[in-house]
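*Asks:* How does the following fold in three dimensions:
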Amino acid sequence: MLYQTTKDHESLRQAIREFAENEIKPIAFALDQNNEFPDEIVKKIGENNWMGLPYSKKDGGAGLDVISYAIAVEELSRVDGGVGVILSAHTSLGAYPVEAYGTKEQKEKYLVPMAKGEKIGAFGLTETEAGSDASGTQTTAILEGDHYILNGSKIFITNAPKADIYIVFAVTTPDIGTHGISAFIVEKGWEGFTFSDPYDKLGIRSSTTAELHFNNVKVPKENLLGQEGQGFRIAMQTLDGGRIGIAAQALGIAQGAYEAALKYARERIQFGRPIAQQQSIAFKISDMATQLRAARFLVYSAAEMKHNELRYSVEAAMAKQYASDVCMKIVDDALQIHGGSGYMKGMDVERFYRDAKITTIYEGTNEIQRLVISANLIGRMPKSKKSAGGVAAKKAEPITGVRKREMIQTDTAQEAVDILVENLKKDGFDFTVGIDLNTPIVDSDRVVSVGKGIGSEDNMELAKQLAHAAGASIGASRPVAESMYLLPLERYIGMSGQKFKGNLYIALGISGAVQHLKGIKDAGTIVAINNNPGSAIFKNCDYGIVGDLNEIMPLLIEAFGTEEKKPAPPMKRIRKAKPRKLAPAYGVYVCTGCGYEYDPELGDPEGEIDPGLTFENLPDNWECPECQTVKADFIEEKYPADRQ
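*Replies:* Purely as a prediction, here's the structure:
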C-alpha cells in the first residue's frame, strides 16, 4: 500500500506554510524574547478558518479531517512552537469537549464562536495535586439552586488568560474518586474567576500559560458538560485527541530544526568543503530525516483513526511519545551541527531547542504515554488495597506537609486577629523581640511576605510596619519582586528563589502557587491572610483568615505591638504543632456474601473510594471488593469483635 496525503492536504500545508513564513517568522524572535502572545496572528488564523479545521461547517468549522488539523499545527510549529500549541490547545482541548459532549445549545453558544476563531478555548484539568494523576482533583463545584459554586485553582493552563472559554473539571461528589468529577464550561469575566500572571517559561514563550483561580464562581446548571460524574471520562477522551496535537507540534519543531541544520550544513565550509559532506554530519542528517518520516506516519495514522472514529488511544500515545522523543534528538543534533552559532540568541535552532522539551511533558508525560501503551499491550496490573508495606493508601498531603489548617471564622476582623495572636503566643512566639527588616530570608526566624493581593506600592509601607511589629523580615512572592518591583529580587521566596526554613511565615495576599509553596514547606508555622477562600495557601497553612488586608494589617500591627523590639536570640526551632486526631465514630458494616468488613479509615482504593467516607455515604452502586455483593446486602454489626 502506498500511503500519502491528498492534494487537498498538501494545498492546505502550502497555504499555512506561506502564512507562517510571511506572518510569523519575521516576529518569532521578538515574540520569544518578550514572552508575548501573538494576538494579531491568532486573529488572522481565525479569519483563515483554521481554528476549527476538524469541525463541521454547521458548527462553524471548516469541515476537514483530523489530518488537516495535524498538518496545521505541524506547519505553525515548524516556525514557532508556541503558535502551534495555541492552535492545538484551542482546537483539541478547548473546543473538542463541547463538540463531543455538548448539548445543541452549548454548541451554538460556545463551539461555533471557537470554531470560527472568534473566541479562544482552553482546558483546565491540572492542579497542584492532580497532574498525571487526575483523580487528585480538589477543585469543587457544589450545586446551589440553579448554579454550581466553583472553588479552587488550576495550574499550567495553556492559552490562559487570553482564552475566553474554559473547560474546567471539578469534584461534584466527594470521596468517590474519579466517579465524582464533572466538567463545566466557564467563561472569562465571571465574578470570582481570576488569573495569575503568565508564567515565565523556558520555551514556547509566544504561548501564554497561567493559573486559574475560582472564588465562589457561579456556573449556571446548563453549563455542566455531559452529566455529573462524567468529567474524568471527558478529560481522558479529550487528552487522547490532544496528544495528536502535541505530537504534531513536536513534529513541526523537529522539521524546522532539521531544515535549518540541512541548510547550514550545506553552506558552512570547513576543511575546504561543506560540512554536509563530512560523514559524521551526513549521518546525523540522514538519521534526522528518517526519524521525521517515521514520526509523521505515526501522527497522521493516529489522526486518521480519530477521524474515522476508531479506537486510537494507544496510537495517539505512541505518536506523542515517539514524535516528542525524536524531536528532542533532532533539535539536539541540529544545534550540534550549527556549533557555537546555534547556541546564540536569535538563531532559530536555539529557540527550537528550548521549545522542544515541553512536548515530552505536557498532555501526559512520556512516562505516562509508555504506561498507556504497555497497559494496553500486556494488561493492567491488579490494584491493591494496601501498599507493599501493608499500609492503606493515603491521600496526598498538601505541598507544605501536614498542617493544622485552622480557619479562623468570626463575626469581626478584630475577633479573628485576637484569636490568631493568642494562638501564636500559645505556640511559643514572643513578639517583644525581633530581627532587622532586611535580614536575609535564609537567616530569618520570621518573615512577613507579600503577594499580588497587597494591591499597590502604597500598601507596602503598611506591610513593612507589620513585619516590624511581628519581629520579622520582609519577603515577597515572585510577581511582587519580578513584575511589580515592590521589593528586591533577593527577597523573593519560592522554589526558584529563597527558601524559608524559620519558625513563622505570615503570607499576605499570597494565593499559593506551587513554586511558592515549595519554598516555604519547611516553615514551622504558616499564617495565611487572603480575601479568596479558595486560595491554595489555605490548604497549606496552620492558621488562616479570609478578609481584607487593608482592614486586617492595622489590627495585627496593634496586636503585635509597635514598640521597639529587643534583639531576638539566636534562632531555635519551635516544635511544629500537629492537628489533633479524633477518635473514630462510625458503624461497622459486614458483607453477607463473604464477611468482608468495610473500614472507613481505609476506604476502598480499588473502587476509588477515598479513606474517610462512611458506609452510609458510599454510592448506591458500590459493591464488595471481595465478592461483588451489592451495598444493600451489607448488614450493620451491632457488637463488632475486638480488632487486632
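
*Asks:* Report the distance from the longest helix seen in the chain to the chain centre.
*Replies:* Secondary structure assigned by DSSP state H gives helix 231-267 as the longest helix of the chain. Here the centre of helix 231-267 is set off from its chain's centre by 20 Å, with C-alpha atoms, centre = their mean, to the nearest Å.

*Asks:* got any ranges where the stretch 301-450 of the chain has weak pLDDT?
*Replies:* 380-396 (pLDDT under 70).

*Asks:* Would you map the strands across it?
*Replies:* 406-407, 433-434, 446-450 (DSSP state E, counting those that start in this stretch).

*Asks:* ok, the second one: who's next to it in the sheet?
*Replies:* When pairs are called by DSSP bridges, strand 433-434 turns out to pair with strand 566-567 (parallel).

*Asks:* repeat for the last one
*Replies:* Each strand pairing with strand 446-450, determined using DSSP bridges, is listed with its direction: strand 473-476 (parallel), strand 504-508 (parallel).

*Asks:* so what's residue 399 up against?
*Replies:* Neighbour list for residue 399: 128, 514, 517-518, 521, 540 [criterion: C-beta atoms under 8 Å, 6 or more residues apart in numbering]. Where you see a C-beta, it was placed from the backbone N, CA and C, and this is true even at glycine.

*Asks:* how about these in a markdown table, adding secondary structure, neighbour count and pLDDT?
*Replies:* Output for the contacts of residue 399, formatted as a markdown table (DSSP: H, G, I helix; E, B strand; the rest coil; neighbours: other C-beta atoms under 10 Å; pLDDT from 0 to 100):
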| residue | secondary structure | neighbour count | pLDDT |
| --- | --- | --- | --- |
| 128 | coil | 23 | 84 |
| 514 | helix | 19 | 84 |
| 517 | helix | 25 | 93 |
| 518 | coil | 16 | 92 |
| 521 | coil | 16 | 93 |
| 540 | helix | 25 | 92 |
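
*Asks:* Now the two most distant members of those residues.
*Replies:* Largest separation among those by C-beta to C-beta: 128 and 521, giving 12.1 Å.

*Asks:* any idea where the helices of the stretch 251-400 of the chain begin and end?
*Replies:* Secondary structure of the stretch 251-400 of the chain (DSSP state H, counting those that start in this stretch): helices located at 279-307, 313-338, 348-356, 366-378.

*Asks:* How about the stretch 501-644 of the chain?
*Replies:* 514-517, 549-560.

*Asks:* now the stretch 51-200 of the chain
*Replies:* Per DSSP H, counting those that start in this stretch, the stretch 51-200 of the chain carries helices over the ranges 66-77, 81-88, 96-101, 104-106, 112-115.

*Asks:* can you list the domain ranges for this protein.
*Replies:* Listed by automatic domain parsing, the domain ranges of the chain are 7-116, 121-230, 257-376, 406-567, 583-644.

*Asks:* Turn these into JSON lines, including distance to residue 246.
*Replies:* Output for the domains of the chain, formatted as JSON lines (distance: least, C-beta to C-beta, whole Å):
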{"stretch": "domain 7-116", "distance to residue 246": "6"}
{"stretch": "domain 121-230", "distance to residue 246": "10"}
{"stretch": "domain 257-376", "distance to residue 246": "4"}
{"stretch": "domain 406-567", "distance to residue 246": "22"}
{"stretch": "domain 583-644", "distance to residue 246": "27"}
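
*Asks:* so can I have JSON lines of the helices of the stretch 251-400 of the chain showing distance to residue 191 and mean neighbour count?
*Replies:* Below are those laid out as JSON lines (distance: least, C-beta to C-beta, whole Å; neighbours: other C-beta atoms under 10 Å):
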{"stretch": "helix 279-307", "distance to residue 191": "37", "mean neighbour count": "18"}
{"stretch": "helix 313-338", "distance to residue 191": "37", "mean neighbour count": "24"}
{"stretch": "helix 348-356", "distance to residue 191": "36", "mean neighbour count": "24"}
{"stretch": "helix 366-378", "distance to residue 191": "36", "mean neighbour count": "15"}
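
*Asks:* Residue 230 is nearest to which of these?
*Replies:* helix 313-338 (17.3 Å).

*Asks:* and residue 566, what is it in contact with?
*Replies:* 432-434.

*Asks:* do residue 239 as well
*Replies:* By C-beta under 8 Å, 6+ apart, the contact list for residue 239 reads 363-364.

*Asks:* and it, what pLDDT?
*Replies:* Per-residue confidence at residue 239 stands at 94 (pLDDT).

*Asks:* go on, residue 246?
*Replies:* Looking at residue 246, its pLDDT is 98.

*Asks:* Just confirm it contacts residue 88, I think it does.
*Replies:* Yes. Counting by C-beta atoms under 8 Å, residue 88 is a contact partner of residue 246 at 6.5 Å.

*Asks:* Do you know the pLDDT at residue 629?
*Replies:* pLDDT, residue 629: 82.

*Asks:* Relative to residue 97, how far out is residue 231?
*Replies:* 10 Å (C-beta to C-beta, to the nearest Å).

*Asks:* shared neighbours, those two?
*Replies:* In contact with both residue 231 and residue 97: 183, 225, using C-beta under 8 Å, 6+ apart.

*Asks:* between these two, which one's more packed in?
*Replies:* Neighbour count, other C-beta atoms under 10 Å: between residue 231 and residue 97, residue 231 has more, with 31 against 27.

*Asks:* Just give me the neighbour total for the closest residue to residue 89 other than its chain neighbours.
*Replies:* Spatially, and ignoring its direct neighbours in sequence, residue 89 is nearest to residue 158 (4.1 Å; C-beta to C-beta, 6 or more residues apart in numbering). Counted by other C-beta under 10 Å, the residues lying close to residue 158 total 27.

*Asks:* Quick check: phi and psi on the spatially most distant residue from the centre of the chain?
*Replies:* Going by C-alpha atoms, centre = their mean, the residue of the chain most distant from its centre is residue 272, 51.7 Å out. With angles defined as degrees, to the nearest 10, residue 272 sits at phi 80, psi 10.

*Asks:* And it, how close does it get to residue 278?
*Replies:* 11 Å.

*Asks:* likewise residue 98?
*Replies:* Distance, residue 98 to residue 278, using C-beta to C-beta: 53 Å.

*Asks:* Neighbour count for those two, which is higher?
*Replies:* Shown here are residue 98 and residue 278; by other C-beta under 10 Å, residue 98 has more neighbours (25 against 15).

*Asks:* Could you find the closest non-adjacent residue to the more buried one?
*Replies:* Leaving aside its sequence neighbours, residue 98 sits nearest to residue 111 (C-beta to C-beta, 6+ apart; 4.5 Å).

*Asks:* pretty sure that neighbour contacts residue 102?
*Replies:* Yes. If you go by C-beta under 8 Å, residue 111 and residue 102 touch, sitting 6.2 Å apart.

*Asks:* ranges for the strands of the stretch 101-250 of the chain?
*Replies:* Under the criterion DSSP E, counting those that start in this stretch, the stretch 101-250 of the chain contains strands at 121-124, 140-144, 147-158, 165-171, 181-187, 193-195, 209-220, 224-225.

*Asks:* and what of the stretch 451-600 of the chain?
*Replies:* Counting by DSSP E, counting those that start in this stretch, the stretch 451-600 of the chain has strands at residues 473-476, 504-508, 525-530, 543-546, 566-567, 588-591, 597-598.

*Asks:* I would like the residues contacting the second one, please.
*Replies:* Strand 504-508 is contacted by residues 424, 429, 445-451, 453-454, 463, 466, 470, 472, 520, 523-530, 537, 541, 549, 553 when judged by C-beta under 8 Å, 6+ apart.

*Asks:* Mind telling me which of the domains of the chain the model trusts least?
*Replies:* Of all those, mean pLDDT reaches its minimum on domain 583-644 (a mean of 74).

*Asks:* quick one: that domain to chain centroid distance?
*Replies:* Offset of domain 583-644 from its chain centre (C-alpha atoms, centre = their mean): 34 Å.

*Asks:* Endpoint to endpoint, stretch 495-507 covers what distance?
*Replies:* End-to-end span of stretch 495-507 (C-alpha to C-alpha, to the nearest Å): 16 Å.

*Asks:* And it, what's buried?
*Replies:* 495, 497-498, 500-507 (16 or more other C-beta atoms under 10 Å).

*Asks:* With that, I have no additional questions.
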